[in-house]
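**Q** dropping the sequence and predicted coords here.
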Amino acid sequence: MNYKAYKLKQGKYPQTIVPTDGSMVLDAAPGGMAFLEGQLEKIDPKLREPLSSTWWPRDIVAKTGGGFVEYTSSYDVSYATSGSNENGIIGGQTNDIPVMQADISKDLYKVFSWGHILKVPFVDQQKLQKIGHNLEEILNKGLKLTHDKTIDINVYEGFASYGTYGLINNPNVTTITAAEGAGSETTWKDKTPDEILTDINDAITATWKASEYDLSGMANHILIPPAQYGHIVKQKVSDDASKSILSYLLENNIGKEQGIDLFIGPLPMLKGAGTGSTDRMIAYVNNEDKVRFSMTVPLSRTMVEQSVMQMSYLSAFVAQFGQVEFLYYQPVIYVDGI
């Protein structure tokens, strides 16, 4: 059919080309239906970001400041007296008087430099602005999430390739196996609320005892795998009770009686982290004087340039952070097999 055999039908709706011979063509105008669909489309302006989370701000203190360095360090001191009169009791004729001595040592911790480039292509930025989005802002969120995920690995597991460990796998931390319950099982799903409370109290007491019963060394922070956490949240203490096992544990642990405000929370990395790939619980003192890591340089934009060859804006982001520093090993314990 010759194009001249068509004519434009005018109306209030988008123009439609209609053959003069009476046959019908549905919306043959270029882009007509696309235009109609675009007008009828309801656009959600919110971008759906990946489902993800980071845990380290809850579980450890980041000591900030210091600038670009190679290592961080801390000093330890231990005390002793010389001589046979260890109690220091003297009389009128005593010549055996003990002398106080101090042994000072220094611990060194590794520091890691972290860097990423943020590239914003000019054309893509202009396109997204047409629909109300900022490409640089989107990439910034992704970069910050990547940085936090790296901190998570550093805090909980460390970097095996650099010989560092994290909160949940340090070989210098004392590790015990959970006691068997009445059913000859160590796992919490097979234990009664009182048997689970015994595991909690045993861990807290172990840190207190190792710290020579110094209350500042009594564990106040307990992390367990999500499955165990879900179990103690949903299970009631008994069939005729309204209180969950978690509430029961928080109200009746030995730390509560000593004025310690105990926290119990989930941590996915603890699943299979124990000996023989068993599930692990960690009890420790969450305090910067006991365990921490250094963030010597917080995440920051350090350089910006425009690249004509790439038609992009380039930004360099840099950060520095150190490995987990256990300043004391007495106030922390691993309990495997829960």
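**A** That came through, no problem. Computed from a predicted structure; not experimentally measured.
**Q** going forward, measure contacts and count neighbours with C-alpha atoms only.
**A** Noted.
**Q** spell out for me which residue occupies the centre of the chain.
**A** Trp55 (2.2 Å; CA atoms, centre = their mean).
**Q** hmm, Trp56 and Asp152 touching each other?
**A** Yes - between Asp152 and Trp56 there is a contact at 5.7 Å, judged by CA atoms under 8 Å.
**Q** any stretches of this structure with poor pLDDT?
**A** Judged by pLDDT under 70, the chain has its weakly predicted residues at 1-39.
**Q** longest strand anywhere in it?
**A** strand 99-121 (DSSP state E).
**Q** so for the following helix or strand past that strand, what gets flagged as buried?
**A** Where DSSP states H and E defines the elements, the next helix or strand beyond strand 99-121 is helix 122-130. Residues of helix 122-130 classed as buried by neighbour count (16 or more other CA atoms under 10 Å): Phe122, Gln125.
**Q** same for helix 122-130, what does it pack against?
**A** Where contact means 3 or more CA pairs under 8 Å, 6 or more residues apart in numbering; DSSP states H and E, helix 122-130 is packed against helix 135-156.
**Q** ok, back up a step: okay, the angle between the longest strand of the chain and helix 135-156?
**A** Going by axes from the mean of the first three to the mean of the last three CA atoms, to 10 degrees, strand 99-121 is angled at 150 degrees with respect to helix 135-156.
**Q** then strand 99-121 to CSV, C-alphas only?
**A** The C-alpha trace of strand 99-121 is given here as CSV (Å, rounded to 0.1, in the frame of the first residue of the first chain):
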residue,chain,number,x,y,z
VAL,A,99,61.5,-3.9,96.4
MET,A,100,58.7,-3.1,94.0
GLN,A,101,59.4,-3.8,90.3
ALA,A,102,57.5,-3.1,87.1
ASP,A,103,57.8,-4.9,83.8
ILE,A,104,56.7,-2.7,80.9
SER,A,105,56.2,-4.2,77.4
LYS,A,106,54.7,-2.9,74.1
ASP,A,107,52.3,-4.6,71.7
LEU,A,108,52.2,-3.7,68.0
TYR,A,109,49.1,-4.0,65.8
LYS,A,110,48.9,-3.9,62.0
VAL,A,111,47.2,-1.1,60.2
PHE,A,112,45.6,-1.5,56.8
SER,A,113,45.1,1.2,54.1
TRP,A,114,41.9,1.0,52.1
GLY,A,115,41.2,2.8,48.8
HIS,A,116,38.5,3.0,46.1
ILE,A,117,37.9,5.1,43.0
LEU,A,118,34.5,6.6,42.4
LYS,A,119,33.8,7.2,38.7
VAL,A,120,30.8,9.2,37.6
PRO,A,121,30.4,9.2,33.8
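**Q** before we move on, back to that, I figured the residue nearest to the centre of the chain was touching Thr150, is that so?
**A** No - using CA under 8 Å, Trp55 is not in contact with Thr150, being 11.2 Å away.
**Q** in the stretch 151-300 of the chain, which spans are helices?
**A** For the stretch 151-300 of the chain, the helices defined by DSSP state H, counting those that start in this stretch occupy 193-210, 226-234, 245-252, 254-257.
**Q** in TSV: those, plus distance to Glu136 and mean neighbour count.
**A** Shown next, in TSV, are the helices of the stretch 151-300 of the chain (distance: least, CA to CA, whole Å; neighbours: other CA atoms under 10 Å):
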stretch	distance to Glu136	mean neighbour count
helix 193-210	47	20
helix 226-234	35	16
helix 245-252	43	18
helix 254-257	48	16
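**Q** of all those helices, which one comes closest to Thr146?
**A** Distance to Thr146, taken as CA to CA, is lowest for helix 226-234 among these, at 22.7 Å.
**Q** contacts for the closest one?
**A** Taking contacts as CA atoms under 8 Å, 6 or more residues apart in numbering, the residues outside helix 226-234 that touch it are Trp188, Lys189, Ser244, Ile245, Leu246, Ser247, Gly265, Pro266, Leu267, Pro268, Lys271, Ile338.
**Q** so which of those residues are in strands?
**A** Judged by DSSP E, the contacts of helix 226-234 include Gly265, Pro266 as members of strands.
**Q** report the buried members of the contacts of helix 226-234.
**A** Trp188, Ser244, Ile245, Leu246, Gly265, Pro266, Leu267, Lys271, Ile338.
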